Every structure is written in C-alpha cells, then in structure tokens.
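Trainee: just a sequence and a predicted model for now, questions to come.
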Amino acid sequence: MANKVIITCAVTGAIHTPTMSPHLPITPDEIAAGAIGAAEAGAAILHLHARNPEDGRPTQDPEIFRQFLPRIKDSVDAVINVTTGGAPFMSPEERLAGPLSLQPEMCSLNMGSMNFGLYGALERFSDWQHDWEVPYLDGSRDRIFRNTFQDIEMFLERLGKGCGTRFEFECYDVGHLYTLAHFLDRGLIEPPFFVQTIFGILGGIGADTENLMHMRRIANKLFGDDYQWSILAAGRFQTSFVTMGAIMGGHMRVGLEDNLYLGKGVLAKSNADQVAKVRRIIEELSLEIATPAEARQMLALKGAENVGF
C-alpha cells in the first residue's frame with residue numbers, strides 16, 4: 001500500500017516516571033483514555049504497557065492489563081500491541097506473563113541485550129512523587145536490559161508460534177538487525193514483519209541522520225521487500241526523525257512513552273496531541289495514514305477477534 005503510513009502510539013511505557021509529567025497515563029482509566037484518544041486521532045497501532053495504579057511502577061500483571069485492554073478494544077478498532085519488554089528490572093518470565101495470558105495481535109520484542117541508561121533524568125527533576133523513582137532511574141547505571149538469544153527464541157516460540165501473535169521487532173542498533181536476520185534464517189520469523197528502528201536511547205544507536213540512513217540500508221540489504229519499516233526517536237528527536245522516515249517510505253511511532261513533549265519546552269497534554277501533530281505532517285507530505293484494517297493487512301495480523309481479552 002504505497003503512500004500509507006502506519007502510526008503507532010506508545011501510550012505510557014516504562015521509561016518515564018510520574019514526576020516527569022502530570023499527563024503521563026498511570027491508572028487503567030488514564031491508559032484507556034489515552035489509547036482511545038490516540039486511535040481516534042489516527043493511530044492504527046497502540047503499544048501498551050501497564051503500571052501499578054497506586055504509584056505508577058511498571059508491571060506485567062495480566063489482571064491490570066485486563067482493566068483497560070477490553071475497554072480499548074470495545075471502543076476503537078486499533079491494533080493492540082502489548083509490551084514484552086515490561087521494564088529492564090524484570091526477568092524474561094515476568095515479562096512474558098501478561099502477553100501469554102492476553103494473546104494479543106501484536107507484541108513488541110527487543111532484539112538484543114543492552115545498556116539502557118535512564119539515569120540522566122535525575123539531573124532534570126527533583127521533588128520526586130514516589131520512593132521507587134530515583135532508585136529505578138539510578139539503577140540503570142548498572143543494569144543490563146536482558147534479551148539473550150534464548151530469551152528471544154522463547155518469545156517467538158511461545159507467543160508467536162503458540163498464540164499467533166506477531167511482533168514489533170525493536171532494533172536499537174545495527175547488530176539487532178542481524179539478530180533479526182538470524183531468526184529469519186532459522187524459520188522462527190516469517191514475512192511480512194514489522195521492524196521498529198529506535199534512535200536516541202542511551203546505550204543504543206544515536207539520533208544522527210547518518211544512522212537513520214545506515215539502518216535503512218542494512219535492513220534493505222538483509223530483508224529486501226519482506227518487511228515494513230518504522231522509526232522511533234526518543235525525546236526531542238521524535239518529530240524530525242519520524243518525518244525523515246516517512247519521506248523515505250517508512251512508518252512512525254510517537255507517544256508519551258518515547259517523548260513527553262509536543263514542542264520545545266511544551267509538555268504534550270495527551271498522546272492524541274502527538275498523533276495529531278504527525279498526522280498533519282504526513283498529510284502535508286501528500287501521504288495518507290493507514291487505517292487499522294490496512295495495518296492488519298500489511299502486517300498479516302490474526303485479527304482482534306482472535307485475542308485473549
């Protein structure tokens with residue numbers, strides 16, 4: 001579908017903490033409202049994490065997911081994409097618990113173990129709302145976000161083959177593309193597949209234009225026409241990178257997981273505001289946003305009627 005751009009919205013994530021923005025969705029009601037608003041603004045895919053409603057701590061508890069996923073599904077037609085990343089302090093088994101119970105159309109899947117530095121935020125905020133926030137952020141100095149070959153294979157086998165879930169393959173560096181190619185060669189991944197190239201996370205590839213071009217070249221070399229390409233850039237790089245990606249034929253991801261701001265110094269009041277902003281850019285480039293039905297067709301998804309919630 002030429003000129004159709006899939007907008008993914010990452011609604012809350014596990015990177016930002018409640019102190020960082022009053023608009024970050026925390027409770028099931030807030031996450032549901034944020035997701036529904038993003039879908040109504042034009043997001044075809046909703047990438048979702050769960051949080052403890054009392055203090056905003058990341059959780060993979062399927063019962064908390066079940067407090068908002070059915071509401072989103074009943075309200076909008078967007079594809080629901082559940083995280084397998086959870087948070088870096090969780091074991092792979094903990095991270096699998098929610099998705100395995102929910103059996104969504106899509107899940108995210110990180111393609112390699114990595115440093116994931118969040119501690120820079122400690123210099124920008126004070127008067128923390130909850131006791132867990134500072135240790136969580138500071139702990140990223142000495143914490144590996146684990147995604148071994150064995151872990152990746154477990155997710156592919158149990159969620160992919162076992163539940164019919166397809167994946168948003170999160171590639172934070174060039175080596176992650178080669179890891180994805182390894183599993184493709186082994187037959188654990190089948191086209192068409194969705195490659196999310198991620199820029200600007202401390203520990204991953206930097207948000208430089210040359211890196212965007214290089215990741216695209218290598219993905220084309222490895223995968224040819226077998227994949228759909230999407231771009232995510234953290235923080236202030238979000239809008240410029242997804243715009244460049246759209247011009248180059250890619251899809252885009254926005255949302256408060258990846259960036260708390262709408263513009264320089266202006267907090268985004270909702271996920272919908274970010275989606276509406278990039279939708280305007282897409283349409284001004286004479287491109288069109290993909291509907292959820294078109295996204296399902298492009299990514300060969302199993303359909304909302306075949307999920308576990």
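Mentor: Cool, got the structure.
Trainee: hmm, Asn115 is touching Arg146, no?
Mentor: No - contact between Asn115 and Arg146 fails when scored by Cβ atoms under 8 Å: they sit 11.3 Å apart. (Glycine included, C-beta is placed from N, CA and C.)
Trainee: what is the burial count for the closest residue to Pro28 other than its chain neighbours?
Mentor: In this structure, Pro28 finds its nearest non-sequential neighbour in Gln67, 3.7 Å apart by Cβ to Cβ, 6 or more residues apart in numbering. Neighbourhood size, Gln67 [other Cβ atoms under 10 Å]: 16.
Trainee: which parts of the stretch 51-200 of the chain are strands?
Mentor: Ranges of strands in the stretch 51-200 of the chain, per DSSP state E, counting those that start in this stretch, are 58-59, 79-82, 106-110, 114-115, 144-145, 166-171, 193-199.
Trainee: list the strands paired with the last one, with their directions.
Mentor: Each strand pairing with strand 193-199, determined using DSSP bridges, is listed with its direction: strand 166-171 (parallel), strand 227-233 (parallel).
Trainee: what comes into contact with that strand?
Mentor: Strand 193-199 is contacted from outside by 8, 106, 108, 166-172, 177, 180, 184, 204-208, 211-212, 215-216, 219, 223, 226-234, 237, 241, 253, 299, using Cβ atoms under 8 Å, 6 or more residues apart in numbering.
Trainee: which among those residues end up buried?
Mentor: Those of these that meet the buried threshold are 8, 106, 108, 166-172, 177, 180, 184, 204-205, 207, 211-212, 215-216, 219, 223, 227-234, 237, 241, 253, 299, by 16 or more other Cβ atoms under 10 Å.
Trainee: what's the one helix or strand Asn211 maps to in contact with?
Mentor: With secondary structure defined by DSSP states H and E, Asn211 is part of helix 209-223. Applying Cβ under 8 Å, 6+ apart, the contact partners of helix 209-223 are 171, 174, 177-178, 180-181, 184, 191, 193, 195, 197, 199, 205, 227, 229, 231, 241, 244-245, 248, 250.
Trainee: rewinding a little: please tell me how far the residue nearest to Pro28 sits from Asp74.
Mentor: Gln67 is 13 Å from Asp74, where distance means Cβ to Cβ, to the nearest Å.
Trainee: which residue lies farthest from the center of this protein?
Mentor: The C-alpha centroid of the chain is most remote from Asp127, which lies 28.5 Å away (Cα atoms, centre = their mean).
Trainee: confidence score at that residue?
Mentor: We have a pLDDT of 93 for Asp127.
Trainee: pretty sure it contacts Thr19?
Mentor: Yes - at 7.1 Å, Asp127 and Thr19 qualify as touching, with contact defined as Cβ under 8 Å.
Trainee: what helix or strand is the nearest residue to Ala268 once chain neighbours are set aside on?
Mentor: Among residues not flanking Ala268 along the chain, Leu262 sits closest, at 4.1 Å (Cβ to Cβ, 6+ apart). Using DSSP H and E, the element containing Leu262 is strand 261-263.
Trainee: packing partners for that strand?
Mentor: If you count contacts as 3 or more Cβ pairs under 8 Å, 6 or more residues apart in numbering; DSSP states H and E, strand 261-263 packs onto helix 271-284.
Trainee: following the helix it packs on, which helix or strand comes up?
Mentor: Going down the chain from helix 271-284, the next helix or strand is strand 288-289, by DSSP H and E.
Trainee: list the buried residues in the helix or strand hosting Gln297.
Mentor: In this assignment (DSSP H and E), Gln297 forms part of helix 292-299. By 16+ other Cβ under 10 Å, the buried positions in helix 292-299 come out as 292, 295-296, 298-299.
Trainee: also stretch 78-94?
Mentor: 78-90, 92.
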